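S.K.: what's the 3D shape of this:
(chains A and B)
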Amino acid sequence: MTFRATRHQVDDIEAMQQLCREQGWGDGLPVLPPTPERVAEFLDAAGLAPETVVATAPERNVKFVAESVAVNAVMAGGRPEQMPVLVAAIEAVCDPHFKFNHLASLGSPWPLFIVSGPIVEDLGLHADIYPFGPESSACAQLSRAFSFSLRNIAYARTGGIQRGQWGNPVRWQAFIGDDPGSAWGPMHTERKFAEDASVLTAASIEPGAPYQIKTTDPEPERMLDALCDATAGWGAALWCRGTYVVLVGPHHAAWLSENGWSRADVRRYVLDHTKATVADLKKREAWGHVEDIPPELREPRPGDEKTDVYLFKDNPGLDQYVWARSAREDRECDVLIAVAGGDAGRRFSIGIPYEFSTNPVSRVIDTSKISARTGHQAPLN
Amino acid sequence: MEILSPTVELDVEKDAGQLAGRLGDLENRRIVAIWNGRRPGPGREFLTSVLQHLDDRHHLASWEVVQKPYLGNPAPADLVDEVLASGADAVLTGLGD
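M.R.: Numbers count the residues shown, from 1 in each chain, chains lettered A, B, ... in the order given. Down below sits the predicted model:
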């Protein structure tokens, strides 16, 4: 293979770390050396020529060329067979519908990638207990590879373009598997993909999320009411319309399924019942903080506590007062429900969409090369 | 040991395009500003003020502030075409946050 990248000579692995620190290529943890041979192995695993343009981000005048993506993946310590997943992730965030450039925002959003389908088991992507913990090695490697790719190819360096107030810990653990044994089947069927496909879905979320909410009542509607209350109650002035990610434990999914609730039923319930009162929204400064609204309209009025505003539905006569500018742009208001995490505990987890108008984007993962490497007879998508 | 750089060196001539030609003066020219659309914020007012100031000083033929559909994406081609079709002699892009 012929590579275009600048070549460097280093004496050993320690010298590699030193060069990485000097150049600002990494995240402070040790990296593996991206030798031409190893980079070629990663490209082969995805069936990509070095010069292939995986995706473009015109906002940064950037092309994600396969060679550079593979170099970053090698440095991150991953496996060659993860390359098609990383490629799908980069394709997804560069889709104009996702709106790549919002990742530089002060609010520190970062994509959460939910992977569903046979590839979850094929690559050992973690969908089980403690998924955001440090032992989800394949997910952590992919997270790091994605982070490095944006850092080194699209200038997403802290203090450079990346100037978020708090940063986002999801950048360390951005990939999660959708439980392949879920009672509801794979998540991507809700997004109209074939059941046997392997699909990656990117959803940009606020830092601090996914955050947990606890439920105690086993009655399905009571459980989901708690979920709706938490979804509506988050974020003070951020009454944020968009697509929320809800992570449901496998035991909760099984329980809801046994009680006649499909994934679509749960989604519909959350869409229909997530609301706050005008009084609540005024108290949390999520009301009237838009242009051209007289300040007196922000003051409490009789009846505010009895007037509901729905998060996912239109509110005729009220929406113009709500701090939800993103609703005026091409933004989907929806709920993505994935099944993940341990099978004990009474908690849901919610990923809050970033306040600007990003949308989730899904991509089918090309598994043809992966099945050849792992020996698993993965379906062709 | 030989390793490959993870960064991409921008080929300025090939990748960054070329600077637009400079106007010799602004008198009797049409200037359009493309505002990124960020709200809340004084962006539109700021750019309007800039163009008003240029008009006062240089006697423009006309000026206008237009808005991108989404602040984080580049201006779409149809908006750029529309601006050029309006007879703009120069176009400013501005954040105005």
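S.K.: Please work out the average pLDDT along stretch B:29-40.
M.R.: The average pLDDT for stretch B:29-40 rounds to 88.
S.K.: ok, and for that stretch, which residues are buried?
M.R.: Neighbour-count burial for stretch B:29-40 flags B:R29, B:R30, B:I31, B:V32, B:A33, B:I34, B:W35, B:N36, B:G37, B:R38 (criterion: 16 or more other CB atoms under 10 Å in any protein chain shown). Just so you know, the C-beta spots here come from the backbone N, C-alpha and C atoms, and that holds for glycine as well.
S.K.: cool, and stretch A:233-245?
M.R.: A:W234, A:G235, A:L238, A:W239, A:C240, A:R241, A:G242, A:T243, A:Y244, A:V245.
S.K.: and what of stretch A:134-152?
M.R.: Those would be A:136, A:138-152, for stretch A:134-152 by 16+ other CB under 10 Å.
S.K.: For that stretch, C-alpha coordinates in PDB please.
M.R.: Only the C-alpha atoms of stretch A:134-152 are listed here, as PDB (Å, rounded to 0.1, in the frame of the first residue of the first chain):
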ATOM      1  CA  PRO A 134     -13.600   0.500  32.000                       C
ATOM      2  CA  GLU A 135     -13.800  -3.100  31.100                       C
ATOM      3  CA  SER A 136     -15.800  -2.700  27.900                       C
ATOM      4  CA  SER A 137     -12.600  -2.900  25.900                       C
ATOM      5  CA  ALA A 138     -13.900  -3.000  22.400                       C
ATOM      6  CA  CYS A 139     -16.200  -0.100  23.000                       C
ATOM      7  CA  ALA A 140     -13.500   1.800  24.800                       C
ATOM      8  CA  GLN A 141     -11.100   1.200  21.900                       C
ATOM      9  CA  LEU A 142     -13.700   2.400  19.400                       C
ATOM     10  CA  SER A 143     -14.400   5.400  21.500                       C
ATOM     11  CA  ARG A 144     -10.800   6.300  21.600                       C
ATOM     12  CA  ALA A 145     -10.300   5.700  17.900                       C
ATOM     13  CA  PHE A 146     -13.200   8.000  17.100                       C
ATOM     14  CA  SER A 147     -12.000  10.600  19.500                       C
ATOM     15  CA  PHE A 148      -8.500  10.500  18.000                       C
ATOM     16  CA  SER A 149      -9.900  10.700  14.500                       C
ATOM     17  CA  LEU A 150     -11.800  13.900  15.200                       C
ATOM     18  CA  ARG A 151      -8.800  15.300  17.200                       C
ATOM     19  CA  ASN A 152      -6.200  14.600  14.500                       C
END
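S.K.: hmm, back to that, quick one: which of the buried residues of stretch A:134-152 is nearest chain B?
M.R.: The closest of the buried residues of stretch A:134-152 to chain B turns out to be A:N152 (CB to the nearest CB; 4.1 Å).
S.K.: Where does the residue nearest to the closest one when sequence neighbours are not counted sit: helix, strand or coil?
M.R.: Once flanking residues are discounted, A:N152 sits nearest to B:P6: 4.1 Å by CB to CB, 6 or more residues apart in numbering or on different chains. Classification of B:P6 using DSSP: H, G, I helix; E, B strand; the rest coil returns coil.
S.K.: who touches B:P6 in this structure?
M.R.: A:A5, A:W25, A:P34, A:S68, A:V71, A:N72, A:M75, A:F148, A:N152, A:I153 (CB atoms under 8 Å, 6 or more residues apart in numbering or on different chains).
S.K.: hang on, the fourth one in a helix?
M.R.: Think A:S68. Yes - under three-state DSSP, A:S68 falls within a helix.
S.K.: I'd guessed it sits against A:R151; true?
M.R.: No - assessed by CB atoms under 8 Å, A:S68 is found out of contact with A:R151, at 11.3 Å.
S.K.: mind listing the helices for chain A?
M.R.: Assigned by DSSP state H, the helices in chain A fall at A:13-23, A:36-46, A:66-75, A:83-94, A:119-122, A:137-153, A:220-233, A:250-258, A:263-273, A:278-283, A:368-374.
S.K.: Packing partners of the fifth one?
M.R.: Just to be clear, that refers to helix A:119-122. helix A:368-374 (3 or more CB pairs under 8 Å, 6 or more residues apart in numbering or on different chains; DSSP states H and E).
S.K.: average model confidence for the helix it packs on?
M.R.: Averaging pLDDT along helix A:368-374 gives 63.
S.K.: Stretch A:106-122 too?
M.R.: pLDDT averaged over stretch A:106-122 gives 95.
S.K.: Next: stretch A:339-352.
M.R.: The average of the pLDDT scores along stretch A:339-352 is 93.
S.K.: from the buried residues of stretch A:233-245, which two are the most distant?
M.R.: The largest distance within the buried residues of stretch A:233-245, taken as CB to CB, falls between A:W239 and A:V245 and amounts to 17.6 Å.
S.K.: what's near enough to touch A:P220?
M.R.: Listed by CB under 8 Å, 6+ apart, the contact set of A:P220 reads A:W255, A:L256, A:N259, A:W261.
S.K.: now do A:T52
M.R.: A:V65, A:A66.
S.K.: Next one: it, what pLDDT does it get?
M.R.: You'll see A:T52 listed with a pLDDT of 96.
S.K.: do you know how far it is from A:A66?
M.R.: According to CB to CB, to the nearest Å, A:T52 stands 4 Å off from A:A66.
S.K.: What are the buried residues along stretch B:18-29?
M.R.: For stretch B:18-29, burial by neighbour count (16+ other CB under 10 Å) applies to B:L26, B:R29.
S.K.: whoops, stretch A:186-206 was the one
M.R.: Neighbour-count burial for stretch A:186-206, counted by 16+ other CB under 10 Å, picks out A:186-190, A:193, A:197-206.
S.K.: In contact with A:A89, which residues?
M.R.: A:P111, A:F113, A:L142, A:F146, A:F175, A:L200, A:A202, A:R363.
S.K.: switch the cut-off to 6 Å
M.R.: Going by CB atoms under 6 Å, 6 or more residues apart in numbering or on different chains, A:A89 touches A:F113, A:F146, A:L200.
S.K.: Leaving out chain neighbours, which residue sits closest to the second one?
M.R.: In space, not counting the residues next to it along the chain, A:F146 is nearest to A:A89; the distance is 5.3 Å by CB to CB, 6+ apart.
S.K.: Verify the contact between A:V170 and A:S108 for me.
M.R.: No - between A:V170 and A:S108 there is no contact under CB atoms under 6 Å: 9.3 Å.
S.K.: between these two, which one's more packed in?
M.R.: Using other CB atoms under 10 Å in any protein chain shown as the criterion, A:V170 and A:S108 rank with A:V170 on top: 26 against 21.
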